[in-house]
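Enquirer: Provided below for reference: sequence and predicted model.
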Amino acid sequence: MPTWVAPYADGPLATQVVVPGSKSATARALVLAALATGPGTVAGGLVARDCDLMKGALRALGTGIDDSDPDRWVVTPADELRPGARIDCGLAGTVARFVPPLAATIDGTTRFHGDEAASARPMAPLLDGLVQCGAEVLGSSLPFQVTGPVTGGEVDIDASGSSQLVSGLLLAGARFPRGLRLRHVGRDPVPSAPYVALTVAALRRRGVGVTPPGPDEWWVPPSPVAATDEVVPPDLMNAAAFLAAAVVTGGRVTVAGWPETRGLPGTEVPDVLAAFGATSELGPDGLTVSHPGGGRDGVDLDLRDSAELTPVVAALMALAHSPSRLRGVAHVRGHETDRLAALAAGLRGLGAEVTEHHDGLDVVPRRLTGGVWRCHADHRLAHAGALLGLAVRGVALDDVASTSKTMPTFPAVWTGMLA
């Protein structure tokens, strides 16, 4: 595959960008639509590999999904989910963690496989949770198989490796005959808490009364999942790279469709960019992030609840004028790749001084030079490489196609942003 040389910015940007729908919200909308009491629609859903894999998984279980209109999909739940399916998870954590609990409600066996790198993603706590609910499970990581049906009940898991371990169980909990009382018993907190809140909100919109009996605890009663029409918001985490481009170039970037209310994953992006000297304004055209240019001081950031921003923040740290510390993100070692190790190696390859810690990075900026930026089949690492290329000539991404995971149009939109 040929490399993609990231475009260099000759001056400050002044542009507006439209990003596609949220992968996270799309995945939750599809799963709940498949569990609903009747047909519903998903409008504005993301068209990308992860969501195609999710649709393929749900279709294999018997769900009808008519996506002939790319802007409005009609989802028709199966009268009974179908046993015997073979599910391709690709490298999608949402498929690997959200679909097995659905499969566990079936009287039969479902087999799961994925890309080679997916076998390293944390799965064991979720699969153990299904065993506690009454399922039979063979394997502790991809590939594995799940045989139901479950009964539900009380489940204790260590979800410190990923918030998706919690969300996956919660999404199907209402279909367990005894419901689900889920407790996180790990020493470390559940990371990326806004994503659990996104799951709870999605369930409540469909009439499922999720309650928190105590800290790190959720009760999902057995109940119907109401059919409804969902509208997917923009992917604010995809927007982060574009907004960060304003910081790198000392310019102004507007992302259309930014929500007025906080709480969605990604609404904290302006706060993170403010640490690098950016200002933001929400107006009728969307969210505008501006940076005055000149020096960008180093920062000390704990991104436990915003770990998806790690690659973008690491790139900004490498372009700052003083040392930075990034911490609280040990769990990103279990994402599409070990993101901390990959970022450390990639930034060193361009000339930065990087010290890798178990939960973060210390970055000392040096004069960076161009070179090959390895994406490790990880869309967020590709975003980081593109950002670095705005300020450093000759940064060549070895796999810009990895951005198709959540934004197939990324290379064209990124290049167009500079035009």
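Expert: Yes, it's here.

Enquirer: quick one, what contacts residue 375?
Expert: 381-382, 385, 397-400, 402 (C-beta atoms under 8 Å, 6 or more residues apart in numbering). Where C-beta positions appear, they are placed from N, C-alpha and C, glycine not excepted.

Enquirer: gap between it and residue 364?
Expert: Per C-beta to C-beta, to the nearest Å, residue 375 is found 24 Å from residue 364.

Enquirer: picking up where we left off before, so which of the contacts of residue 375 belong to strands?
Expert: Within these, residues falling in strands by DSSP state E are residue 397.

Enquirer: so which of the contacts of residue 375 wins on neighbours?
Expert: When neighbours are taken as other C-beta atoms under 10 Å, the top entry among these is residue 382 (31 neighbours).

Enquirer: show the pLDDT at that residue.
Expert: On the pLDDT scale, residue 382 is placed at 97.

Enquirer: who are the contact partners of it?
Expert: Residue 382 sits next to 375, 397, 399-400, 402-403, 410 when contact means C-beta under 8 Å, 6+ apart.

Enquirer: could I get those residues as CSV with distance to residue 336?
Expert: Converted to CSV, the contacts of residue 382 look like this (distance: C-beta to C-beta, whole Å):
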residue, distance to residue 336
375, 9
397, 15
399, 11
400, 15
402, 8
403, 12
410, 15
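
Enquirer: helix or strand for the most centrally placed residue in the chain, which one?
Expert: In the chain, the centroid-proximal residue (C-alpha atoms, centre = their mean) is residue 24; its distance is 5.9 Å. Using DSSP states H and E, residue 24 sits within helix 23-35.

Enquirer: helices or strands up against that helix?
Expert: Packed against helix 23-35 by the contact rule (3 or more C-beta pairs under 8 Å, 6 or more residues apart in numbering; DSSP states H and E) you find strand 40-43, helix 49-60, strand 72-76, helix 93-103, helix 164-173, helix 193-205, strand 229-231.

Enquirer: select, out of these, the one closest to residue 267.
Expert: Distance to residue 267, taken as C-beta to C-beta, is lowest for helix 193-205 among the helices and strands packed on helix 23-35, at 8.0 Å.

Enquirer: got the contact list for the closest one?
Expert: With contact meaning C-beta under 8 Å, 6+ apart, helix 193-205 is reached by 24-25, 28-29, 32, 163-164, 166-167, 170-171, 174, 190, 210, 218, 220, 225, 228, 230, 263-265, 268, 305-306.

Enquirer: what of stretch 141-148?
Expert: By C-beta under 8 Å, 6+ apart, stretch 141-148 touches 89, 96, 100, 103-114, 118-121, 123-124, 127, 130, 134-139.

Enquirer: weed out the non-buried ones from the residues you listed.
Expert: Listed as buried from those are 89, 96, 100, 103-106, 110-114, 118, 121, 123-124, 127, 130, 134-135, 137; burial here means 16 or more other C-beta atoms under 10 Å.

Enquirer: so which of the contacts of residue 382 is the closest to residue 259?
Expert: residue 410 (21.3 Å).

Enquirer: what sits closest to the closest one if chain neighbours are left out?
Expert: In space, and not counting its chain neighbours, residue 410 is closest to residue 403: 3.7 Å by C-beta to C-beta, 6 or more residues apart in numbering.

Enquirer: how close does the one you found get to residue 371?
Expert: According to C-beta to C-beta, residue 403 and residue 371 sit 19 Å apart.

Enquirer: pick out whichever of these two has more residues nearby.
Expert: Neighbour count, other C-beta under 10 Å: between residue 403 and residue 371, residue 403 has more, with 28 against 15.

Enquirer: keep only those of the contacts of stretch 141-148 that are in strands.
Expert: Reading strands off the contacts of stretch 141-148 with DSSP E, I get 109-113, 136-138.

Enquirer: tell me which two of the residues you listed sit farthest apart.
Expert: Using C-beta to C-beta, the ones in strands among the contacts of stretch 141-148 reach their maximum pairwise distance at 113 and 136, which is 17.8 Å.

Enquirer: now the helices for the chain?
Expert: Secondary structure of the chain (DSSP state H): helices located at 23-35, 49-60, 93-103, 124-132, 164-173, 193-205, 236-249, 269-274, 310-318, 339-350, 379-391, 410-418.

Enquirer: packing partners for the second one?
Expert: If you count contacts as 3+ C-beta pairs under 8 Å, 6+ apart, helix 49-60 packs onto helix 23-35, strand 64-66, strand 86-88, helix 93-103.

Enquirer: now that helix: how far from the chain's centre is it?
Expert: Computed by C-alpha atoms, centre = their mean, to the nearest Å, the separation of helix 49-60 from the middle of its chain amounts to 16 Å.

Enquirer: could you do the third one as well?
Expert: On the basis of C-alpha atoms, centre = their mean, the separation between the geometric centre of helix 93-103 and that of its chain is 14 Å.

Enquirer: quick one: average pLDDT of stretch 28-46?
Expert: Average pLDDT, stretch 28-46: 97.

Enquirer: okay, now that stretch: how far is its last residue from its first?
Expert: Across its full length, stretch 28-46 reaches 12 Å end to end, with C-alpha to C-alpha, to the nearest Å as the criterion.
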